[in-house]
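>>> got a sequence here, can you build the structure:
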Amino acid sequence: MADPAIETPPPETPAPQTPTPQTPALLGRFKERRLSRLLLRDLVRPHHRGIGLVMLAGLVQVISAMTAPLLIGIAIDTALPAARHGDYRPLLLVTAGLIVSALLAGWLRYVFVKRAGVVGQAILFELRRRIFVHVQSLSVSFHERFTSGRVISRLTSDVDTLNDLLDAGLDGLITALMNMVIITIVMLVLDVPLALLALASLLPLLLLFRWFARRATPAFAKTREAVALVIVNFVETFNGIRAVQAFRAQRRNEATFDKLNTDYRAANATAFRLQALLIPGTSMIGNVATVMVLVVGAHRVASGGLELGVLTSFILYLRQFYDPMDDVAVFYNSLQSASAALEKIAHVLAEEPSVAPPPIPVTLPEPVRGEVQFEGVQFQYVDTTPVLPALDLHIRAGETLALVGATGAGKSTIAKLISRFYDPSSGSVRLDGTDLRHIDDHQFRSAVVMITQDGFLFSGSVADNIAFGSPGATRDDVIRAAEAVGAHDFIRRLPDGYDTDVRKRGGRLSAGQRQLIAFSRAFLADPAVLILDEATSSLDVPTERAVQRALRTVLHSRTALIIAHRLSTVEIADRVVVLSDGRVIEDGPPAELIGRSGGRFASLHESWLDSLV
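Numbers count the residues shown, from 1 in each chain. Below you'll find the predicted structure:
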């Protein structure tokens, strides 16, 4: 007989919407930008004092660096003529001034870069923490809708893009902007006509930046999406490496990865082409402005309308004005990529849990008895027909109930509703008479525990995995839990016993050993309600028998819901409920249902016996 499998909920993708004048794509884009700006404001706000110190250090550093052209102009017009007549004091003073300004500017640059780095990393630290904490708090529906690769992309690739911006460009931008403001003032003081001529070049520069922004924003958005797809494919391939190798799908997967990687390269090439136009364009405008000022200034010097030292200082200041423009161009290029990354991060952080914590939590009387009741429960995944049309089901405290039914019957959905991974579309699920939506979340998570088919284990020691749900447990508590479910003997034989590293997903252990550790974890947590979602379906028969012996210990004196993949699991149940299309079609003790001639469970049981022959 073919064993029925867990029903898989359809992906929760929003239904396509017809565009209307009230909901154009532009509004969505505006909302994303607004969210990213609000996020940036919240991240920056706690560091206003540190940012103020950075700005102050940068300002003084810029002013110190700006004295050099002025001192050189003084040297040409005053100090050198005095030196020709034997008076070296002005030249020595100018030289001392240049040395002091260089040393001061260098030290202030060090302070500026150091403080800017500290502030930038503090902002990124908080952003990573927010992403991690928020994603953990989101409901299961989010994680079934978003692949793990996309979430990893937000936490790594997108945050790294912001890190590149802060590390490589922000300090350059701040000093460049200060340079431009102060140099503009200095140039106006030195010579107004030449200053106005130089500043006239800002118009084509602004037009260049505007042209770049319009094309770069969508280009960098495509690069962020493309790299996310590469990461998604990479993570899913290596998470499923056993299946890939079992079906010899490496070549097919390579072709898929090459296609995604090519798309990423193409998206980057478009962005780099834009960058290749921006930076040389900025330099060209600066060079043209310098030539214009030099020609006009030289004519005025020749006619006696301008001193050579003033023109020399002016040209040096003009170069200082335009040299940082390359930094501004690089920063602006990075800013477009970082803005796209920040919008994607803000989009994730704007996600709300579909299962909201209760506004006024209710604490159940201790000890929690474990009585579960479904009252008129309707449930459907997004844009699907109802999985549970109208379910009424009562599970008595301390009762072990087995759910039986074909794929899609609603077994796993019932388990998810009891675990409050989802809330009902209508009706209520109650624990000890209280709607799950009202129960204090911490108490609820302690009272209801689910063990899934894969018996998920984290990298780390066996002891850490057993104590995962009971942080205060001692080593003796861990050992007693393992002994109770029959896991102690095999753990003792592991290379380092309870300190053995189980490796990623428990890859060092067999499926049966992983499940025994998962049962030990559940036994130690001591929940009032235990849900076993196909917990023995992947085990061979001898291992399943060993696990079932452990199950009897784990289930003793607590309410249990068993989603039965194999009817052998039903043997330990007090009661069996047979589901079809989300409705209860049979309900009773296993022996009674087996004795019903023509009944659904009797038919399943007979088929199972035939499969053993």
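>>> count the neighbours of the nearest residue to residue 47 once chain neighbours are set aside for me.
Using C-beta to C-beta, 6 or more residues apart in numbering and skipping the chain neighbours, the partner closest in space to residue 47 is residue 119 (5.1 Å). C-beta coordinates here come from the backbone N, C-alpha and C atoms, glycine included. Residue 119 is flanked by 20 other residues according to other C-beta atoms under 10 Å.
>>> helices or strands up against the strand or helix carrying residue 119?
Of the helices and strands defined by DSSP states H and E, residue 119 is found in helix 89-137. When contacts are defined as 3 or more C-beta pairs under 8 Å, 6 or more residues apart in numbering; DSSP states H and E, helix 89-137 sits against helix 25-44, helix 48-74, helix 80-84, helix 159-165, helix 171-190, helix 308-349.
>>> per-domain residue ranges of the chain.
The chain breaks down into these domains under automatic domain parsing: 33-349, 372-612.
>>> nearest to residue 357, out of the ones you listed?
Nearest of the domains of the chain to residue 357, taken as C-beta to C-beta: domain 372-612 at 5.2 Å.
>>> and that closest one, how far from the chain's centre?
Taking C-alpha atoms, centre = their mean, to the nearest Å, the mean C-alpha location of domain 372-612 is offset from the chain mean by 30 Å.
>>> kindly report the same for stretch 249-263.
Between the centre of stretch 249-263 and the centre of its chain there are 24 Å (C-alpha atoms, centre = their mean).
>>> all helices for the stretch 401-550 of the chain, in order.
All helices of the stretch 401-550 of the chain, identified by DSSP state H, counting those that start in this stretch, fall at 411-418, 441-447, 462-466, 475-485, 488-492, 511-525, 541-555.
>>> so can I have JSON lines of the ones you listed showing mean pLDDT?
Compiled in JSON lines, those are given as follows (pLDDT from 0 to 100):
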{"stretch": "helix 411-418", "mean pLDDT": "91"}
{"stretch": "helix 441-447", "mean pLDDT": "89"}
{"stretch": "helix 462-466", "mean pLDDT": "90"}
{"stretch": "helix 475-485", "mean pLDDT": "90"}
{"stretch": "helix 488-492", "mean pLDDT": "89"}
{"stretch": "helix 511-525", "mean pLDDT": "85"}
{"stretch": "helix 541-555", "mean pLDDT": "72"}
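>>> now those in JSON lines, with mean neighbour count and distance to residue 374?
Listed next are the helices of the stretch 401-550 of the chain as JSON lines, based on neighbours: other C-beta atoms under 10 Å; distance: least, C-beta to C-beta, whole Å:
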{"stretch": "helix 411-418", "mean neighbour count": "24", "distance to residue 374": "8"}
{"stretch": "helix 441-447", "mean neighbour count": "17", "distance to residue 374": "16"}
{"stretch": "helix 462-466", "mean neighbour count": "24", "distance to residue 374": "32"}
{"stretch": "helix 475-485", "mean neighbour count": "19", "distance to residue 374": "29"}
{"stretch": "helix 488-492", "mean neighbour count": "16", "distance to residue 374": "38"}
{"stretch": "helix 511-525", "mean neighbour count": "24", "distance to residue 374": "23"}
{"stretch": "helix 541-555", "mean neighbour count": "17", "distance to residue 374": "21"}
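>>> those helices: which one's closest to residue 67?
That would be helix 462-466 among these, by C-beta to C-beta, at 61.2 Å.
>>> can you tell me which helices and strands the closest one packs against?
Judged by 3+ C-beta pairs under 8 Å, 6+ apart, the packing partners of helix 462-466 are helix 475-485, helix 511-525.
>>> for residue 36, find the nearest of the ones you listed.
Evaluated over the helices and strands packed on helix 462-466, closeness to residue 36 peaks at helix 511-525, with 40.1 Å, by C-beta to C-beta.
>>> if we can go back for a sec, the helices and strands packed on helix 462-466 into CSV, with extra columns for distance to residue 39?
Listed next are the helices and strands packed on helix 462-466 as CSV, based on distance: least, C-beta to C-beta, whole Å:
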stretch, distance to residue 39
helix 475-485, 41
helix 511-525, 36
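>>> that older thread, ok, of the domains of the chain, where does mean pLDDT dip lowest?
When the domains of the chain are ranked by mean pLDDT, domain 33-349 comes last with a mean of 78.
>>> longest helix in the chain, by residue count?
Ordering each helix of the chain by length in residues (DSSP state H) puts helix 250-302 first.
>>> what about the closest residue to residue 325 other than its chain neighbours, distance to residue 110?
Leaving aside its sequence neighbours, residue 325 sits nearest to residue 282 (C-beta to C-beta, 6+ apart; 4.8 Å). Distance check for residue 282 against residue 110: by C-beta to C-beta, to the nearest Å, it reads 27 Å.
>>> please apply the same query to residue 103.
Noted for residue 103: a distance of 11 Å to residue 110, by C-beta to C-beta.
>>> equivalent analysis for residue 285, please.
With the distance defined as C-beta to C-beta, residue 285 ends up 32 Å from residue 110.
>>> what about the residue with the largest distance to the centre of the chain, distance to residue 79?
Going by C-alpha atoms, centre = their mean, the residue of the chain most distant from its centre is residue 85, 71.3 Å out. Relative to residue 79, residue 85 is positioned 11 Å away (C-beta to C-beta).
>>> what residues are up against the closest residue to residue 290 other than its chain neighbours?
Nearest residue to residue 290, sequence neighbours excluded (C-beta to C-beta, 6+ apart): residue 318, at 5.7 Å. Residues near residue 318 by C-beta atoms under 8 Å, 6 or more residues apart in numbering: 183, 187, 198, 289-290, 293.
>>> 10 Å - rerun?
If a contact means C-beta atoms under 10 Å, 6 or more residues apart in numbering, then residue 318 has 69, 183, 187, 194-195, 197-198, 201, 286, 289-290, 292-294, 297 as its contacts.
>>> do the same with residue 45
By C-beta under 10 Å, 6+ apart, the residues touching residue 45 are residue 51.
>>> again with residue 461
Contacts here follow C-beta under 10 Å, 6+ apart; on that basis residue 461 touches 467, 478, 494, 496-502.
>>> next one: residue 227
Residue 227 makes contacts with 153, 156-158, 161, 260-261, 263-264, 267-268, 341, as judged by C-beta under 10 Å, 6+ apart.
>>> if you rank those residues by neighbours, which is first?
Most crowded among the contacts of residue 227, counting by other C-beta under 10 Å, is residue 341 at 28 neighbours.
>>> roughly how far apart are it and residue 212?
Distance, residue 341 to residue 212, by C-beta to C-beta: 18 Å.
>>> the more surrounded of residue 282 and residue 110?
A direct count of neighbours by other C-beta under 10 Å for residue 282 and residue 110 places residue 282 higher, at 23 against 12.
>>> before we move on, the earlier item: compare the helices and strands packed on helix 89-137 and give me the one nearest residue 518.
Of all the helices and strands packed on helix 89-137, helix 308-349 comes closest under C-beta to C-beta, at 29.7 Å.
>>> remind me what the helix or strand following the closest one packs against, helices and strands.
Using DSSP H and E, the helix or strand that follows helix 308-349 towards the C-terminus is strand 372-379. The helices and strands touching strand 372-379, judged by 3 or more C-beta pairs under 10 Å, 6 or more residues apart in numbering; DSSP states H and E, are strand 388-395, helix 411-418, strand 426-431.
>>> among the ones you listed, which comes closest to residue 137?
Ranking the helices and strands packed on strand 372-379 by proximity to residue 137 (C-beta to C-beta) places helix 411-418 first, at 17.3 Å.
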